[in-house]
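[1] The sequence isn't on hand, but the structure is:
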């Protein structure tokens with residue numbers, strides 16, 4: 001990883017992690033890794049195998065499955081056992097169970113190992129999730145922690161569902177996000193928390209371009225300190 005930076009972007013659901021990470025990776029020509037999509041893939045697999053309430057079975061599925069991520073034309077391509085499940089993992093049913101699956105310690109251990117392997121392949125990586133700066137890459141060069149108000153996050157997520165053809169109520173999404181926040185922040189293994197050396201960015205009242213530029217400014221500062229040359233694309 002000597003030729004590039006490891007950039008960790010953490011935050012709660014709807015805070016803008018995915019959108020920011022994609023754009024930053026594109027601008028820098030870095031590898032983009034959506035760790036949340038990996039947990040969603042395991043959740044989808046558990047639902048497909050009618051094992052969503054069987055923790056030992058979920059762990060077994062996580063250990064045996066093959067997950068590959070690609071990023072093409074602005075979209076994350078998720079291959080689960082060589083099957084494209086990019087759309088399926090975004091369904092509301094997956095969304096309602098993913099935090100419960102994510103809090104299973106053995107599942108996290110399996111996926112963290114996969115994430116580290118993915119991150120080690122590139123000359124510069126942007127990885128986003130909930131425990132990247134604290135667990136997956138605690139020595140990341142750049143650590144960003146995104147926050148936003150619950151109302152704003154609920155509105156953003158509702159728009160995403162509507163764009164994907166799902167009919168949802170913003171109040172239901174708000175309730176789901178609030179519940180996910182509690183589960184993610186209070187789980188025993190790798191809870192959602194800001195790393196002590198992370199830079200916090202509140203995205204409530206900023207546009208996505210402003211958000212990306214704020215993060216890029218932090219990236220530039222670290223690149224100068226580490227004498228790493230960046231090629232930022234428009």
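    Received the coordinates, thanks. Here the structure is a predicted model, which is why all the values come from computation and not from measurement.

[2] show me where the protein has strands.
    6-11, 31-34, 67-72, 75-80, 83-84, 125-129, 142-147, 199-202 (DSSP state E).

[3] Pick the most deeply packed of these.
    For these, the largest average neighbour count (mean count of other Cβ atoms under 10 Å) is found in strand 125-129, namely a mean of 29. Every C-beta, even on glycine, is put in place using the N, C-alpha and C of the backbone.

[4] Quick one: list the elements packing against that one.
    strand 6-11, helix 17-28, strand 31-34, helix 35-48, helix 105-119 (3 or more Cβ pairs under 8 Å, 6 or more residues apart in numbering; DSSP states H and E).

[5] which of those is buried the deepest?
    Of all the helices and strands packed on strand 125-129, as judged by average neighbours under mean count of other Cβ under 10 Å, the leader is strand 6-11 with a mean of 27.

[6] which residues sit against it?
    Contacts to strand 6-11, defined as Cβ atoms under 8 Å, 6 or more residues apart in numbering, come from residues 17, 20-21, 24, 30, 119, 124-134, 136-137, 139-148, 192, 194-195, 198, 215, 219.

[7] ok, back up a step: kindly present the strands of the chain as CSV, with separate columns for mean pLDDT and distance to residue 223.
    As requested, these are exported to CSV (pLDDT from 0 to 100; distance: least, Cβ to Cβ, whole Å):
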stretch, mean pLDDT, distance to residue 223
strand 6-11, 95, 10
strand 31-34, 89, 16
strand 67-72, 86, 22
strand 75-80, 90, 25
strand 83-84, 97, 35
strand 125-129, 92, 13
strand 142-147, 97, 9
strand 199-202, 96, 14
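
[8] Format those as CSV; extra columns: distance to residue 178.
    Shown next, in CSV, are the strands of the chain (distance: least, Cβ to Cβ, whole Å):
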stretch, distance to residue 178
strand 6-11, 15
strand 31-34, 23
strand 67-72, 28
strand 75-80, 25
strand 83-84, 31
strand 125-129, 19
strand 142-147, 14
strand 199-202, 18
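
[9] Between those strands, which one is closest to residue 180.
    strand 6-11 (12.1 Å; Cβ to Cβ).

[10] Tell me the strands beside that closest one, with direction?
    strand 125-129 (parallel), strand 142-147 (parallel) (DSSP bridges).

[11] now these in JSON lines, with distance to residue 183?
    Below are the strands paired with strand 6-11 laid out as JSON lines (distance: least, Cβ to Cβ, whole Å):
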{"stretch": "strand 125-129", "distance to residue 183": "15"}
{"stretch": "strand 142-147", "distance to residue 183": "17"}
